[in-house]
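**Student:** Let's see this in three dimensions:
(2 chains)
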Amino acid sequence: MASLSSKSLQEISDLLDEYGIKHGPVVETTRNLYVKKLKEAMTKGKKAKPSSDKTFYREEEEEVTYVYRTPTRSDISGDGGAYMRSRPEWTEREYEHETSYSSYSKPRPEYRGSDLVDEPYMYDTPSTYKNSYSKITAMKSEQQVPKAQKSSRLVPLWLQLLFFLALAAFLYLVFSNMEINESIKGIM
Amino acid sequence: MPMMTLQFDLLRGGLCKLSRWISDTAMSSTSQKHKEFVAEPMGEKPVMALAGIGEVLGKKLEEHGFDKAYVVLGQFLVLKKDEELFRDWLKDTCGANAKQQRDCYGCLKEWCDAFL
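**Tutor:** This next block holds a predicted model:
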(Lines give C-alpha, C1' and ligand atoms only; values in the text may rest on other atoms or scores of the structure.)
Protein backbone atom coordinates (compact mmCIF):
# COMPACT_ATOMS: atom_id res chain seq x y z
CA MET A 1 0.00 0.00 0.00
CA ALA A 2 1.51 3.28 -1.12
CA SER A 3 1.95 5.78 1.64
CA LEU A 4 -1.09 8.00 1.73
CA SER A 5 0.68 10.86 3.39
CA SER A 6 2.97 11.31 0.40
CA LYS A 7 0.12 11.59 -2.07
CA SER A 8 -0.85 14.88 -3.58
CA LEU A 9 -4.20 16.51 -2.86
CA GLN A 10 -5.50 15.58 -6.30
CA GLU A 11 -4.47 11.94 -5.84
CA ILE A 12 -6.30 11.79 -2.51
CA SER A 13 -9.37 13.24 -4.18
CA ASP A 14 -9.20 10.56 -6.87
CA LEU A 15 -8.80 7.82 -4.30
CA LEU A 16 -11.83 9.07 -2.42
CA ASP A 17 -13.87 8.87 -5.61
CA GLU A 18 -12.64 5.35 -6.27
CA TYR A 19 -13.83 4.22 -2.86
CA GLY A 20 -17.06 6.08 -3.33
CA ILE A 21 -16.53 8.24 -0.26
CA LYS A 22 -18.53 11.43 -0.31
CA HIS A 23 -16.18 14.36 0.16
CA GLY A 24 -15.61 18.06 -0.34
CA PRO A 25 -12.50 19.74 -1.71
CA VAL A 26 -9.27 18.24 -0.47
CA VAL A 27 -7.28 21.07 1.06
CA GLU A 28 -4.67 21.25 3.77
CA THR A 29 -7.22 21.39 6.58
CA THR A 30 -9.30 18.51 5.26
CA ARG A 31 -6.43 16.37 4.10
CA ASN A 32 -5.90 14.53 7.37
CA LEU A 33 -9.57 13.73 7.72
CA TYR A 34 -9.77 12.24 4.24
CA VAL A 35 -6.53 10.30 4.64
CA LYS A 36 -8.02 8.79 7.77
CA LYS A 37 -11.19 7.89 5.92
CA LEU A 38 -9.19 6.28 3.12
CA LYS A 39 -7.22 4.22 5.62
CA GLU A 40 -10.47 3.00 7.18
CA ALA A 41 -11.83 2.11 3.77
CA MET A 42 -8.67 0.26 2.83
CA THR A 43 -8.53 -1.77 6.02
CA LYS A 44 -12.15 -2.75 5.61
CA GLY A 45 -11.04 -4.38 2.39
CA LYS A 46 -13.44 -2.54 0.14
CA LYS A 47 -12.60 -3.23 -3.46
CA ALA A 48 -11.99 0.01 -5.29
CA LYS A 49 -10.17 -1.12 -8.40
CA PRO A 50 -12.27 -1.52 -11.58
CA SER A 51 -10.66 -4.88 -12.33
CA SER A 52 -12.64 -6.55 -9.55
CA ASP A 53 -15.87 -5.67 -11.34
CA LYS A 54 -16.42 -9.11 -12.79
CA THR A 55 -16.01 -11.03 -9.56
CA PHE A 56 -18.59 -8.87 -7.87
CA TYR A 57 -21.14 -9.31 -10.60
CA ARG A 58 -20.69 -13.06 -10.63
CA GLU A 59 -21.53 -13.23 -6.96
CA GLU A 60 -24.94 -11.61 -7.23
CA GLU A 61 -26.91 -11.80 -10.41
CA GLU A 62 -29.58 -9.45 -9.20
CA GLU A 63 -26.92 -6.72 -9.06
CA VAL A 64 -27.14 -6.33 -12.84
CA THR A 65 -30.86 -5.80 -12.96
CA TYR A 66 -30.67 -3.41 -10.05
CA VAL A 67 -28.15 -1.18 -11.79
CA TYR A 68 -30.33 -1.01 -14.89
CA ARG A 69 -33.52 -0.49 -12.97
CA THR A 70 -32.50 2.49 -10.87
CA PRO A 71 -29.86 4.46 -12.72
CA THR A 72 -30.64 7.53 -10.67
CA ARG A 73 -29.41 5.98 -7.49
CA SER A 74 -26.05 5.09 -8.98
CA ASP A 75 -25.85 8.49 -10.58
CA ILE A 76 -25.97 10.12 -7.20
CA SER A 77 -22.62 8.65 -6.29
CA GLY A 78 -21.22 9.57 -9.65
CA ASP A 79 -19.75 6.13 -10.14
CA GLY A 80 -22.33 3.38 -9.95
CA GLY A 81 -19.83 0.56 -9.92
CA ALA A 82 -17.78 1.89 -7.07
CA TYR A 83 -20.89 2.74 -5.13
CA MET A 84 -22.11 -0.82 -5.37
CA ARG A 85 -18.80 -2.28 -4.40
CA SER A 86 -18.25 -0.10 -1.43
CA ARG A 87 -21.58 -0.91 0.14
CA PRO A 88 -22.13 -4.64 -0.14
CA GLU A 89 -24.27 -4.81 3.01
CA TRP A 90 -26.62 -2.17 1.76
CA THR A 91 -27.03 -3.75 -1.67
CA GLU A 92 -27.70 -7.10 -0.10
CA ARG A 93 -30.57 -5.57 1.75
CA GLU A 94 -31.76 -3.97 -1.45
CA TYR A 95 -31.49 -7.38 -3.12
CA GLU A 96 -34.33 -8.66 -0.96
CA HIS A 97 -36.36 -5.62 -1.81
CA GLU A 98 -35.62 -5.99 -5.49
CA THR A 99 -36.90 -9.56 -5.57
CA SER A 100 -40.05 -8.58 -3.73
CA TYR A 101 -40.29 -5.51 -5.95
CA SER A 102 -40.16 -7.63 -9.08
CA SER A 103 -42.71 -10.04 -7.68
CA TYR A 104 -44.91 -7.10 -6.75
CA SER A 105 -44.75 -5.59 -10.21
CA LYS A 106 -46.11 -8.72 -11.89
CA PRO A 107 -49.51 -9.09 -10.19
CA ARG A 108 -50.09 -5.36 -10.43
CA PRO A 109 -51.99 -5.27 -13.75
CA GLU A 110 -54.24 -8.03 -12.49
CA TYR A 111 -54.95 -6.06 -9.37
CA ARG A 112 -55.92 -3.01 -11.35
CA GLY A 113 -58.33 -5.03 -13.44
CA SER A 114 -60.14 -6.49 -10.50
CA ASP A 115 -60.01 -3.42 -8.33
CA LEU A 116 -63.72 -2.96 -7.97
CA VAL A 117 -64.57 -6.65 -7.90
CA ASP A 118 -64.37 -8.36 -4.55
CA GLU A 119 -62.82 -11.64 -5.50
CA PRO A 120 -61.78 -13.91 -2.64
CA TYR A 121 -58.66 -15.29 -4.31
CA MET A 122 -57.33 -11.79 -4.98
CA TYR A 123 -57.91 -10.68 -1.43
CA ASP A 124 -54.75 -12.23 -0.09
CA THR A 125 -52.31 -10.88 -2.65
CA PRO A 126 -53.20 -7.17 -2.37
CA SER A 127 -52.68 -7.19 1.38
CA THR A 128 -49.40 -9.08 1.14
CA TYR A 129 -47.85 -6.92 -1.50
CA LYS A 130 -49.31 -3.83 0.03
CA ASN A 131 -47.30 -4.76 3.08
CA SER A 132 -44.16 -5.41 1.06
CA TYR A 133 -44.74 -2.23 -0.95
CA SER A 134 -45.14 -0.13 2.15
CA LYS A 135 -42.12 -1.86 3.62
CA ILE A 136 -40.13 -1.11 0.47
CA THR A 137 -41.15 2.52 0.38
CA ALA A 138 -40.55 2.83 4.09
CA MET A 139 -37.09 1.29 3.78
CA LYS A 140 -36.27 3.25 0.64
CA SER A 141 -37.44 6.50 2.10
CA GLU A 142 -35.55 5.66 5.25
CA GLN A 143 -32.39 5.05 3.27
CA GLN A 144 -32.85 8.00 1.01
CA VAL A 145 -33.38 10.24 3.94
CA PRO A 146 -31.30 8.63 6.62
CA LYS A 147 -30.40 11.93 8.12
CA ALA A 148 -33.96 13.28 8.54
CA GLN A 149 -34.59 13.98 12.13
CA LYS A 150 -37.90 13.53 13.79
CA SER A 151 -38.88 16.75 15.39
CA SER A 152 -39.80 16.06 18.96
CA ARG A 153 -42.52 18.18 20.46
CA LEU A 154 -42.88 18.70 24.16
CA VAL A 155 -46.30 20.28 23.65
CA PRO A 156 -48.46 18.29 21.21
CA LEU A 157 -49.48 20.05 18.00
CA TRP A 158 -53.22 19.87 18.57
CA LEU A 159 -52.78 21.55 21.92
CA GLN A 160 -50.88 24.39 20.30
CA LEU A 161 -53.59 24.87 17.72
CA LEU A 162 -56.30 24.78 20.36
CA PHE A 163 -54.44 27.35 22.39
CA PHE A 164 -54.01 29.56 19.38
CA LEU A 165 -57.71 29.38 18.50
CA ALA A 166 -58.69 30.19 22.07
CA LEU A 167 -56.38 33.15 22.03
CA ALA A 168 -57.74 34.35 18.70
CA ALA A 169 -61.30 34.07 19.99
CA PHE A 170 -60.38 36.01 23.11
CA LEU A 171 -58.76 38.77 21.08
CA TYR A 172 -61.78 38.98 18.82
CA LEU A 173 -64.04 39.37 21.85
CA VAL A 174 -61.87 42.16 23.19
CA PHE A 175 -61.78 43.89 19.85
CA SER A 176 -65.51 43.62 19.23
CA ASN A 177 -66.36 45.03 22.66
CA MET A 178 -64.19 48.04 22.13
CA GLU A 179 -65.67 51.51 22.04
CA ILE A 180 -64.31 53.16 18.96
CA ASN A 181 -63.11 56.70 19.53
CA GLU A 182 -61.08 59.20 17.53
CA SER A 183 -57.62 58.00 18.51
CA ILE A 184 -58.37 54.37 17.61
CA LYS A 185 -59.90 55.44 14.31
CA GLY A 186 -56.63 57.17 13.49
CA ILE A 187 -54.65 53.95 14.03
CA MET A 188 -57.10 51.51 12.38
CA MET B 1 -61.19 55.35 25.56
CA PRO B 2 -57.50 56.23 25.48
CA MET B 3 -56.72 53.36 27.84
CA MET B 4 -57.38 50.84 25.07
CA THR B 5 -54.17 51.75 23.19
CA LEU B 6 -52.10 50.86 26.22
CA GLN B 7 -53.93 47.59 26.58
CA PHE B 8 -53.33 46.81 22.94
CA ASP B 9 -49.61 47.39 23.36
CA LEU B 10 -49.56 45.12 26.36
CA LEU B 11 -51.48 42.51 24.42
CA ARG B 12 -49.06 42.75 21.52
CA GLY B 13 -46.04 42.43 23.80
CA GLY B 14 -47.65 39.57 25.64
CA LEU B 15 -48.41 37.81 22.39
CA CYS B 16 -44.79 38.06 21.26
CA LYS B 17 -43.56 36.57 24.50
CA LEU B 18 -46.21 33.89 24.30
CA SER B 19 -45.31 32.86 20.75
CA ARG B 20 -41.65 32.66 21.66
CA TRP B 21 -42.45 30.54 24.70
CA ILE B 22 -44.57 28.19 22.60
CA SER B 23 -41.83 27.74 20.01
CA ASP B 24 -39.23 27.18 22.71
CA THR B 25 -41.17 24.52 24.52
CA ALA B 26 -42.56 22.84 21.44
CA MET B 27 -39.32 22.43 19.52
CA SER B 28 -36.37 20.38 20.70
CA SER B 29 -34.39 22.28 23.22
CA THR B 30 -31.45 24.37 22.11
CA SER B 31 -29.09 25.96 24.53
CA GLN B 32 -28.85 29.62 25.33
CA LYS B 33 -25.45 29.70 23.62
CA HIS B 34 -26.95 28.31 20.44
CA LYS B 35 -29.76 30.86 20.46
CA GLU B 36 -27.37 33.75 20.98
CA PHE B 37 -25.03 32.57 18.24
CA VAL B 38 -27.67 32.10 15.55
CA ALA B 39 -29.39 35.37 16.36
CA GLU B 40 -26.84 37.58 14.61
CA PRO B 41 -23.85 37.56 12.23
CA MET B 42 -20.88 36.02 13.97
CA GLY B 43 -18.41 38.77 13.13
CA GLU B 44 -15.24 38.35 15.20
CA LYS B 45 -16.75 36.12 17.88
CA PRO B 46 -14.22 33.73 19.42
CA VAL B 47 -14.43 30.04 18.73
CA MET B 48 -15.78 29.47 22.24
CA ALA B 49 -18.95 31.31 21.30
CA LEU B 50 -19.98 28.27 19.27
CA ALA B 51 -22.49 25.96 20.91
CA GLY B 52 -20.80 22.82 22.15
CA ILE B 53 -17.36 24.43 22.28
CA GLY B 54 -16.24 25.26 25.79
CA GLU B 55 -12.93 26.32 27.26
CA VAL B 56 -11.12 23.03 26.76
CA LEU B 57 -12.25 22.40 23.20
CA GLY B 58 -11.82 26.04 22.35
CA LYS B 59 -8.19 25.97 23.42
CA LYS B 60 -7.52 22.88 21.35
CA LEU B 61 -9.10 24.43 18.30
CA GLU B 62 -7.05 27.57 18.78
CA GLU B 63 -3.91 25.48 18.91
CA HIS B 64 -4.80 24.12 15.50
CA GLY B 65 -5.21 27.63 14.20
CA PHE B 66 -8.97 27.88 14.48
CA ASP B 67 -8.99 30.90 16.69
CA LYS B 68 -12.22 32.54 15.54
CA ALA B 69 -15.69 31.19 14.95
CA TYR B 70 -15.51 32.17 11.30
CA VAL B 71 -12.50 29.93 10.73
CA VAL B 72 -14.50 26.96 11.99
CA LEU B 73 -17.27 28.18 9.72
CA GLY B 74 -14.80 28.07 6.87
CA GLN B 75 -13.98 24.47 7.65
CA PHE B 76 -17.68 23.67 7.94
CA LEU B 77 -18.26 25.10 4.47
CA VAL B 78 -15.25 23.35 2.93
CA LEU B 79 -16.71 20.11 4.24
CA LYS B 80 -19.82 21.06 2.26
CA LYS B 81 -21.89 21.44 5.42
CA ASP B 82 -22.01 17.66 5.66
CA GLU B 83 -22.90 16.51 9.15
CA GLU B 84 -20.87 13.33 9.25
CA LEU B 85 -17.73 14.89 7.78
CA PHE B 86 -17.87 17.91 10.04
CA ARG B 87 -18.51 15.88 13.16
CA ASP B 88 -15.64 13.52 12.30
CA TRP B 89 -13.35 16.46 11.73
CA LEU B 90 -14.36 18.06 15.01
CA LYS B 91 -13.76 14.82 16.87
CA ASP B 92 -10.33 14.38 15.27
CA THR B 93 -9.23 17.96 15.80
CA CYS B 94 -10.30 18.68 19.36
CA GLY B 95 -11.76 15.44 20.71
CA ALA B 96 -15.35 16.61 20.95
CA ASN B 97 -17.86 14.05 22.16
CA ALA B 98 -21.09 13.22 20.35
CA LYS B 99 -23.17 15.86 22.10
CA GLN B 100 -20.61 18.59 21.56
CA GLN B 101 -20.30 17.63 17.91
CA ARG B 102 -24.07 17.70 17.52
CA ASP B 103 -24.40 21.07 19.22
CA CYS B 104 -21.64 22.66 17.17
CA TYR B 105 -22.93 21.26 13.91
CA GLY B 106 -26.49 22.36 14.69
CA CYS B 107 -25.35 25.81 15.65
CA LEU B 108 -23.34 26.35 12.46
CA LYS B 109 -26.01 24.84 10.26
CA GLU B 110 -28.69 27.11 11.63
CA TRP B 111 -26.42 30.12 11.35
CA CYS B 112 -25.79 29.29 7.70
CA ASP B 113 -29.50 28.82 7.03
CA ALA B 114 -30.16 32.27 8.41
CA PHE B 115 -27.22 34.30 7.12
CA LEU B 116 -25.36 32.52 4.36
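**Student:** And B:E40, its phi and psi?
**Tutor:** Per-residue torsions, B:E40: phi -150, psi 160 (degrees, to the nearest 10).
**Student:** residues near it, how many?
**Tutor:** 11 (other CB atoms under 10 Å in any protein chain shown). All C-beta spots, glycine's among them, are computed from the backbone N, C-alpha and C.
**Student:** Over to the one 10 residues further on?
**Tutor:** When neighbours are defined as other CB under 10 Å, B:L50 has 29 of them.
**Student:** Distance of it relative to chain A?
**Tutor:** 17 Å (CB to the nearest CB, to the nearest Å).
**Student:** can you tell me which residues contact that residue?
**Tutor:** B:33, B:37, B:69, B:72, B:104, B:107-108 (CB atoms under 8 Å, 6 or more residues apart in numbering or on different chains).
**Student:** Need the pLDDT of it.
**Tutor:** At B:L50, the model reports a pLDDT of 95.
**Student:** and if you look at B:A26?
**Tutor:** On the pLDDT scale, B:A26 gets 58.
**Student:** got a list of contacts for stretch B:75-84?
**Tutor:** Residues contacting stretch B:75-84 (CB under 8 Å, 6+ apart): A:22, A:24-25, A:27, A:29-30, A:33, A:147, B:66, B:85-86, B:89, B:105, B:108-109, B:112.
**Student:** swap the cut-off to 7 Å and go again
**Tutor:** By CB atoms under 7 Å, 6 or more residues apart in numbering or on different chains, the residues outside stretch B:75-84 that reach it are A:22, A:24-25, A:27, A:29-30, A:147, B:66, B:85-86, B:89, B:105, B:108-109, B:112.
**Student:** re earlier: in helices, which of the contacts of B:L50 appear?
**Tutor:** B:33, B:37, B:69, B:72, B:104, B:107-108 (DSSP state H).
**Student:** tell me the two of those residues that are most distant?
**Tutor:** Farthest pair in the ones in helices among the contacts of B:L50 (CB to CB) is B:K33 and B:V72. Separation: 14.1 Å.
**Student:** Tell me which of these two has more neighbours.
**Tutor:** B:V72 (24 against 17).
**Student:** Mind naming the longest helix for chain B?
**Tutor:** Max-length helix for chain B by DSSP H is helix B:3-26.
**Student:** how about the closest residue to chain A within chain B, secondary structure?
**Tutor:** Minimum separation of chain B from chain A (CB to the nearest CB) falls at B:K80, amounting to 4.1 Å. Of the three states, B:K80 takes coil according to DSSP: H, G, I helix; E, B strand; the rest coil.
**Student:** B:M42 now?
**Tutor:** From three-state DSSP, the assignment for B:M42 is coil.
**Student:** which residues does it contact?
**Tutor:** By CB under 7 Å, 6+ apart, the neighbours of B:M42 are B:69-70, B:73, B:111.
**Student:** Can you flag the buried ones in the contacts of stretch B:75-84?
**Tutor:** A:24, A:29-30, B:66, B:85-86, B:89, B:105, B:108-109 (16 or more other CB atoms under 10 Å in any protein chain shown).
**Student:** check contacts around the closest residue to chain B within chain A.
**Tutor:** For chain A and chain B, the shortest gap (CB to the nearest CB) falls at A:G24, measuring 4.1 Å. Residues near A:G24 by CB under 7 Å, 6+ apart: A:30, B:78-80, B:85.
**Student:** With pLDDT and distance to A:A41 added, can I get those residues in CSV?
**Tutor:** Shown next, in CSV, are the contacts of A:G24 (pLDDT from 0 to 100; distance: CB to CB, whole Å):
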residue, pLDDT, distance to A:A41
A:T30, 91, 16
B:V78, 95, 20
B:L79, 95, 17
B:K80, 95, 19
B:L85, 95, 14
